[in-house]
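S.K.: A predicted structure for the sequence below; I have some questions about it.
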Amino acid sequence: MENKLEKLKNKIISKIDSFNTFAILVSDPDYDSIGSGLALFNILKQKKSVKLFSDFNLYEYNFLPGVSNFIITDISKVNFGHFDCLIFLDCNDIDQILDNQKKRGEKELKIPKNVYTINIDHHKTNKHFANINFVSTKFSSTGEALCYLFLNKYNLSQNTATNLLAAIIGDTNCFRNKNTNDYSFSCVLTLRKITNKYNYLIQKIFYSLSKFELKMNIEATKSIKFKSTGKYKYVYAIFDRIKHSSKNLSKRQKSLLQDEILNSINNVDFSLLIVKRADNTIKLSFRSRKMDVSKIAEIFGGGGHKLAAGAVSSLSIDSAISKIDKYLLKT
Ligand SMILES: [Mn+2]
């Protein structure tokens, strides 16, 4: 495994050396995808021509240094034929870079055949869609994979290190998720020598809830239900984004309920947060500390990691729960 990663690393480094123009594309935003995108942008721009794209609004990532380098645009309309190489970060599948909530199912990414593609990710269910796929679940985050690729090879600026730290802190939920490994800590030690923003990031990511966000969480907490199906027990809650008319539901608003409340409940196999969205779809986010929930996400066409996975569905909440129960009875 180590050897395979080392070989891929050398291949990626020599490919990057050989190209001049790059576009970086990141998955739907979280601290890992956005932090990784900004870090790789900084690393490449030292010697190359590089553009960084997002299909999404990034308002809640404004505190990350350099976030204005993102070109926020409808990516399905961009002609990537002008670039030598496209680098995908934190993308389980290619369509994850598109905000299909705006125009569900209508948008599609077009990659010209002459453009070389590199996929850097850590999702278990990654579809290996690129010319080089640097994908390993050994990494807690894409930020950590970037550390593995570039830490000793390139000089990192303070802003690059801050963004990589945000990526690792975000995806490990501050080193509490099981994806946290020895290498995560080793990266953090190295990055903390370059940036003094560790405490700043912790404050911004975990201690910045507004009164309004707190109220939404209290409301959603009232919807918590416990279920027992076959040999499994689980807990779920509903976040009604329509009712709160919150067009900007932040990751932190969700993660307070998801990671601090639902996932901290004892004696259940997994937890599920259901977000009702404005386009009448629902977003299902699964968390567990043992059971492989990526398999449940996959029955809805989603995916992710063994202990954290998600999907979007156009089913009603009741039908989605029935579908989960049917799956659980079979396994
Ligand atoms: Mn990630």
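M.R.: The structure has been received and is ready for your questions.

S.K.: okay, CA-based contacts and neighbour counts for the rest of this
M.R.: Fine.

S.K.: hmm, residue 129 is touching residue 116, no?
M.R.: No. Here residue 129 does not reach residue 116: they are 11.5 Å apart, not a contact under Cα atoms under 8 Å.

S.K.: what's the first-to-last distance across stretch 54-61?
M.R.: 12 Å (Cα to Cα, to the nearest Å).

S.K.: what sits up against that stretch?
M.R.: With contacts defined as Cα atoms under 8 Å, 6 or more residues apart in numbering, stretch 54-61 is touched by 25-26, 28-29, 31, 34, 67, 70-75, 97-99, 250.

S.K.: where does the chain dip in pLDDT?
M.R.: 1-2, 100-106, 244-253 (pLDDT under 70).

S.K.: which residues does the host helix or strand of residue 160 contact?
M.R.: Applying DSSP states H and E as the criterion places residue 160 in helix 158-171. Identification of contacts with helix 158-171 by Cα under 8 Å, 6+ apart yields 30-36, 38-40, 42-43, 64-66, 140-144, 146-147, 174-175, 177, 184, 188, 191-192, 194-195, 197-198, 201-202, 205.

S.K.: give me phi/psi at the residue of the stretch 51-200 of the chain found nearest the ion?
M.R.: Closest contact between the stretch 51-200 of the chain and the ion, by Cα to the ion, is at residue 141 (4.5 Å). In terms of degrees, to the nearest 10, the main-chain angles of residue 141 are phi -160, psi 160.

S.K.: neighbours of it, how many?
M.R.: 29 (other Cα atoms under 10 Å).

S.K.: quick one: it from residue 163, how far?
M.R.: From residue 141 to residue 163 the distance is 12 Å (Cα to Cα).

S.K.: stretch 288-308 close to the ion?
M.R.: No. Using Cα under 5 Å from the ion, stretch 288-308 stays clear of the ion, with a minimum separation of 9.1 Å.

S.K.: any buried residues in the helix or strand hosting residue 44, and which?
M.R.: Taking DSSP H and E as the criterion, residue 44 maps to helix 31-45. Neighbour counts over helix 31-45 (16 or more other Cα atoms under 10 Å) mark 31-44 as buried.

S.K.: looking at these, which one is closest to the ion?
M.R.: residue 32 (5.0 Å).

S.K.: contacts only, for the closest one.
M.R.: 90, 141-143, 164, 166-168, 170-171.

S.K.: which one of those residues sits in the busiest neighbourhood?
M.R.: Neighbour max across the contacts of residue 32 (other Cα under 10 Å) = residue 143, 36 neighbours.
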